[in-house]
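generate coordinates for the sequence data below:
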Amino acid sequence: MKQSRRSFLKTTASATAISVLSSFDTTTKSAAADGYRLMIMATDWGFKGSRDEFCAAAKKEGYDGIEVWWPGQEPRAQEELFTAVKKHGLQLGFLCGGWQADHAEHIKTFKTSLDEVLANKFQRPAYVNCHSGKDYFSYEQNKPFIDHSTAKTKETGIPVYHETHRGRMLFAANIARQFIEKNPDLRLTFDVSHWCNVHESLLADQQETLELALQRVEHIHARVGHAEGPQVNDPRAPEWENALKAHLAWWDKVAERKRKTGGVLSFLTEFGPPDYLPTLPYTRQPLADQWAINVHMMQLLRKRYA
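Okay, here's the model as predicted:
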């Protein structure tokens with residue numbers, strides 16, 4: 001029987017995924033303390049449908065919730081979001097941040113956005129993940145982002161995390177270490193794929209810094225990076241085995257801590273669309289299926305950390 005190129009690629013990818021998944025779906029587990037639970041969120045990044053369609057799809061796949069950008073001063077968008085989340089019984093995590101080059105404008109936008117998220121009357125967020133500051137702001141300019149989020153967490157009881165993200169204040173491992181050492185209340189969203197890209201490595205020469213960071217991690221963006229980019233084309237492919245193993249080893253340490261303390265271990269499966277997802281030249285056809293990759297990661301995480 002003849003197969004088209006598309007059918008062959010799909011069949012081959014599925015077979016490879018089953019093989020790779022079986023290799024990585026277990027880890028040595030200690031007995032979990034009371035209160036330990038796993039929460040895996042879906043990203044709407046790259047999703048083309050409505051809020052309701054996205055929430056329905058996430059629920060169908062078995063996600064616990066979604067992580068999306070705060071809609072800001074858009075009452076209709078807020079109503080659409082919260083209605084869909086409630087209808088499908090999902091947890092909700094928010095992203096917020098500023099974008100301006102001017103520090104004063106940037107932090108004003110950040111504070112306004114975070115305060116609105118935390119004060120919303122629709123649904124209490126499971127957490128807020130912040131794209132905090134800029135890589136070219138000074139330490140003194142970036143520190144107020146941490147100070148404000150710390151104060152708001154203490155005031156509301158809602159955890160606020162700062163993401164290890166390129167272009168932001170925690171863009172590199174060595175820079176993040178300065179913030180970690182000087183700010184004991186700083187808690188991280190760990191997207192280590194960015195650090196792999198920034199440092200052009202799987203960080204074998206920064207073990208001490210990684211250990212410090214992992215003790216502050218409360219939420220994980222489960223994308224697999226490599227020395228030359230923040231996202232492998234397909235984590236199911238055997239050529240990325242070492243990169244996947246490295247990321248799983250880091251995540252395992254967070255999971256073990258959470259199991260001992262009884263905390264919530266939360267993930268966002270965040271493989272992105274083009275141009276994060278590599279494409280063929282001229283046609284820009286994606287080399288893999290973004291949604292399928294994220295579902296694969298969700299299933300891998302579920303088997304490994306449940």
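
may I see the buried residues of stretch 233-245?
By neighbour count on 16 or more other C-beta atoms under 10 Å, the buried set for stretch 233-245 is 233, 234, 235, 236, 237, 240, 243, 244. Quick note: C-beta positions are derived from backbone N, CA and C, even for glycine.

at the geometric centre of the protein, which residue do we find?
residue 221 (2.1 Å; C-alpha atoms, centre = their mean).

who are the contact partners of residue 44?
51, 54, 66, 68 (C-beta atoms under 8 Å, 6 or more residues apart in numbering).

excluding chain neighbours, what is closest to the first one?
If the residues on either side of it in the chain are set aside, residue 51 comes closest to residue 84, at 4.3 Å by C-beta to C-beta, 6 or more residues apart in numbering.

residue ranges with poor pLDDT in the protein?
1-29 (pLDDT under 70).

residue ranges for the helices of it, please.
Using DSSP state H, the helices assigned to the chain run over residues 5-24, 51-61, 75-88, 103-119, 139-156, 173-182, 193-199, 207-214, 241-261, 290-305.

wait, what's in contact with the residue nearest to residue 51?
Residues near residue 84 by C-beta under 8 Å, 6+ apart: 50, 51, 52, 54, 55, 56.

same check, this time on residue 166
Contacts for residue 166 were tallied using C-beta under 8 Å, 6+ apart; they are 135, 194, 197, 198, 230.

distance of residue 74 relative to residue 67?
Separation of residue 74 from residue 67 (C-beta to C-beta, to the nearest Å): 18 Å.

which of those two has more neighbours?
Taking other C-beta atoms under 10 Å, residue 74 and residue 67 do not tie; residue 67 has more neighbours (28 against 11).

list only those of the contacts of residue 166 flagged as buried.
Buried among those by 16+ other C-beta under 10 Å: 194, 197, 198, 230.

so residue 293 makes contact with residue 271?
Yes: applying C-beta atoms under 8 Å as the test, residue 293 and residue 271 come out as touching, 4.6 Å apart.

now for these two: what residues contact both?
Joint contacts of residue 293 and residue 271 (C-beta under 8 Å, 6+ apart) are residue 235.

what about the spatially closest residue to residue 192 that is not a sequence neighbour, distance to residue 99?
For residue 192, ignoring the flanking residues on the chain, the nearest one in space by C-beta to C-beta, 6+ apart is residue 250 at 5.9 Å. Separation of residue 250 from residue 99 (C-beta to C-beta): 29 Å.

so between those two, which is more surrounded?
Between residue 250 and residue 99, counting by other C-beta under 10 Å, residue 250 is the more crowded of the two (19 against 11).

residues contacting that one?
Applying C-beta under 8 Å, 6+ apart to residue 250 gives the contacts 190, 192, 210, 214.

okay, those residues in a markdown table with neighbour count and distance to residue 267 next?
What follows is the contacts of residue 250, written out as a markdown table (neighbours: other C-beta atoms under 10 Å; distance: C-beta to C-beta, whole Å):
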| residue | neighbour count | distance to residue 267 |
| --- | --- | --- |
| 190 | 26 | 10 |
| 192 | 27 | 13 |
| 210 | 20 | 18 |
| 214 | 18 | 15 |
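
quick one: which of the residues you listed is nearest to residue 174?
The closest of the contacts of residue 250 to residue 174 turns out to be residue 210 (C-beta to C-beta; 11.0 Å).

number of residues surrounding residue 227?
Residues near residue 227, counting by other C-beta under 10 Å, number 12.

quick one, phi/psi of it?
As for residue 227, its main-chain torsions (degrees, to the nearest 10) stand at phi -60, psi -30.

try the one 4 residues further on
When quoted as degrees, to the nearest 10, the phi and psi of residue 231 stand at phi -150, psi 120.

and for it, the neighbour number?
23.

chain neighbours aside, what residue packs nearest to it?
Nearest non-adjacent residue to residue 231, counting by C-beta to C-beta, 6+ apart: residue 276, 5.0 Å away.

thinking again about what came up before, and the contacts of residue 84, which are buried?
51, 54, 55, 56.

gap between residue 77 and residue 200?
Separation of residue 77 from residue 200 (C-beta to C-beta): 39 Å.

any idea how many residues pack against the closest residue to residue 56 other than its chain neighbours?
Among residues not flanking residue 56 along the chain, residue 88 sits closest, at 6.0 Å (C-beta to C-beta, 6+ apart). Residues lying near residue 88 (other C-beta under 10 Å) number 19.
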